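> build me a model from this:
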Amino acid sequence: MSGVPGVIQLLLAGVWGYLVGAVPTGVLVCRALRGTDVRQQGSGHTGGLNVSRTAGIWAGALTAIVDALLGAAAVAGATLMTENPWAATAAGVMAVAGHDWSIFIHFDGGIGLAKLSGAMLCLSPLPTLKALAILVPAWLILMGPLRVHRARSTILVLAVVGPLLWALGLPLHGILLGVLGGTVAIVKTIPDWNRQYGHGTGSASSRET
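Now for the predicted structure:
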C-alpha cells in the first residue's frame, strides 16, 4: 500500500479494524456452549464478564482471550498493510468501536476492554504490560476496598490511560490508541453511571466488558 494516499490507508485500516473488532465472540461462545443469547442474559453485554455469568468462567475466559487476540489482529493487519504507524492506531480504535457497536449483531456489543488491551499489546507489548500491572489492581481496589461504583471505577481507570502511557514512553500514535480507544469504551460505559448492580439473568449487573 506504499502508493496509496495516507488518508486512504487510514480509512482502509479503520474498516479492517472495525470488521475484526465486530466479531461477536461472546455471542458465538454462548450459542455454542449453552444455546443462549448472551445479550438476553445478565447485563446484556457481549464481553467475557457477562459470558462468565451466562456460560461459566471458562467460557468467559475464552471470550476475553479471543477478543484480545482479535484486537491484536486488527493492529497486526494494519501494520502489514502499510508502514504508516497511524494506520495501527486507526485499526485499534475501530476494533474497540466494532466490539461496542457490532454490525453483525444489530450494533449491540460490550465495552471493548479486552480488544483494546489486545491492540495495545500488539503495538507496544512491554509498556502495555506495565500499564496493565498498574491499571488492573487500581480498578480492583476502587471496586473493592474503596467501594466505588463499578462503571465509575472503569471510567476513572480509563481516564488515566493517556498520562500513564505517556509516562511509560509510548510514541504518540500508541498513546492516541490508548486514549481514543479508552474514550470509546468510556462512551459505552457512561449509561451505566448510576446502574444498580445485581445478580442473575435479566438483573441489573455489571457491564464493563
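> from here on, contacts and neighbour counts on C-alpha atoms
Will do.
> quick check: longest helix in this structure by residues?
For the chain, the helix that runs over the most residues, judged by DSSP state H, is helix 57-81.
> residues near S117, how many?
Neighbourhood size, S117 [other CA atoms under 10 Å]: 26.
> give me every residue that touches it.
Taking CA atoms under 8 Å, 6 or more residues apart in numbering as the contact definition, S117 lies against 68, 71, 128.
> which one is A95 nearest to, not counting chain neighbours?
Distances taken as CA to CA, 6 or more residues apart in numbering put G21 closest to A95, at 3.9 Å, once the chain neighbours are dropped.
> shaky segments in the chain?
Within the chain, the ranges that satisfy pLDDT under 70 run 1-5, 195-209.
> need the helices for it, in chain order.
Counting by DSSP H, the helices of the chain are 6-21, 25-34, 48-55, 57-81, 85-100, 113-123, 125-143, 150-159, 161-167, 172-189.
> between those, which one is nearest to F107?
Proximity to F107, assessed across the helices of the chain by CA to CA, is greatest for helix 85-100 (7.4 Å).
> could you dump the helices of the chain to CSV with distance to Q40?
Formatted as CSV, the helices of the chain follow (distance: least, CA to CA, whole Å):
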stretch, distance to Q40
helix 6-21, 21
helix 25-34, 10
helix 48-55, 10
helix 57-81, 16
helix 85-100, 16
helix 113-123, 21
helix 125-143, 25
helix 150-159, 20
helix 161-167, 31
helix 172-189, 18
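> quick one: closest of those to Q41.
Closest approach to Q41 among these is made by helix 48-55 (6.5 Å; CA to CA).
> counting contacts, what elements does that closest one pack onto?
Counting contacts by 3 or more CA pairs under 8 Å, 6 or more residues apart in numbering; DSSP states H and E, helix 48-55 is packed against helix 25-34, helix 57-81.
> which strands or helices does the longest one pack on?
In other words, helix 57-81. helix 6-21, helix 25-34, helix 48-55, helix 85-100, helix 113-123.
> where's G110 relative to L126, distance?
26 Å (CA to CA, to the nearest Å).
> looking at the two, which is more packed in?
G110 (30 against 13).
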